[in-house]
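next one to model:
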Amino acid sequence: MLLAGRDLLFDDPFGFVLLFGAVAAALLISISVHEASHAAAALSLGDRTAKRLGRLTLNPKAHLDPTGTVMLLVAGFGWGKPVPVNVAALRNGYRSMALVSFAGPASNVLLALIFAAMFRMGVLDAGGAGASVGGWLALVVFYSVILNLILAVFNLLPIAPLDGSGILRGVVPDAWLPAIKRLENVGPILLLAIIGLQFLGFADILGIIFDPAIALAGALIGA
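The predicted model follows:
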């Protein structure tokens, strides 16, 4: 995300500071809502683990993962600290786990729609983002729409430890679970390979995934 605005650091340092602050604020909002939604869903389905460990909160300190936060700030994709869930305590086991996993991305989509509506209804002006208080707030909300959609799309990938893996495990027939387990074991390696290929310039896999989300953000905002 900030890589795209790195030229500002030398051409317009103040503009870069505004951009950094806006992206950071949008990041805190997006990840906090995402992780708190997992905790709320788990509690509603019978597991109090996340609540007991202080994860049922919108306080960013409870949810930020250092590496995932830096990646999201710099590159535009990342992750929060996983919410602990005791599948055995959920009323329907892995079927309920699919709902807990889905709650995070679903909350990001809902938040993106709410923020985009602020532009559509004329509460904020996407074209007026700038150095004023109102302009900076518009910048925060603008990036909140983008980051929430990116978080939703990224986390829906069926690769462990992303939410899509938990959703997949909860919806497939029981006979498929051994294969899903094997896929989960190689998930982190596969995820690192995708990220590595992206940064080395060998394959724009993340671009293929994120470009439609960014385009959707622009359409929702009306930019």
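
please identify the helix or strand for Ser96.
Assigning secondary structure by DSSP states H and E places Ser96 in helix 93-120.

which parts of that helix are buried?
Buried residues in helix 93-120, counting neighbours by 16 or more other C-beta atoms under 10 Å, are found at 94, 96-109, 111-112, 115-116, 118-119. Any C-beta I mention is one placed from the backbone N, CA and C, and that applies to glycine too.

ok, which stretches of this protein are helices?
Applying DSSP state H to the chain gives helices spanning 8-11, 13-44, 49-52, 66-75, 93-120, 133-155, 163-171, 177-200, 205-221.

weakest of those helices by average pLDDT?
Sorting the helices of the chain by mean pLDDT places helix 8-11 lowest, at a mean of 61.

work out the gap between stretch 12-22 and the centre of the chain.
Stretch 12-22 sits 22 Å away from the centroid of its parent chain (C-alpha atoms, centre = their mean, to the nearest Å).

with just CA atoms, put that stretch into CSV.
The C-alpha trace of stretch 12-22 is given here as CSV (Å, rounded to 0.1, in the frame of the first residue of the first chain):
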residue,chain,number,x,y,z
ASP,A,12,6.0,15.7,-0.8
PRO,A,13,7.0,14.5,2.6
PHE,A,14,4.0,16.1,4.3
GLY,A,15,1.7,14.3,1.8
PHE,A,16,3.5,11.0,2.6
VAL,A,17,2.9,11.6,6.3
LEU,A,18,-0.8,12.1,5.6
LEU,A,19,-0.9,9.0,3.5
PHE,A,20,0.9,7.0,6.2
GLY,A,21,-1.5,8.2,8.9
ALA,A,22,-4.6,7.5,6.7
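
so what's the residue nearest to Arg95 when sequence neighbours are not counted up against?
Leaving aside its chain neighbours, Arg95 sits nearest to Gly170 (5.2 Å; criterion: C-beta to C-beta, 6 or more residues apart in numbering). Counting by C-beta atoms under 8 Å, 6 or more residues apart in numbering, Gly170 makes contact with Tyr94, Arg95, Ser96, Met97, Ala98, Leu99, Ser101.

just to revisit the earlier point, nearest to Gly127, of the helices of the chain?
Nearest of the helices of the chain to Gly127, taken as C-beta to C-beta: helix 133-155 at 8.6 Å.
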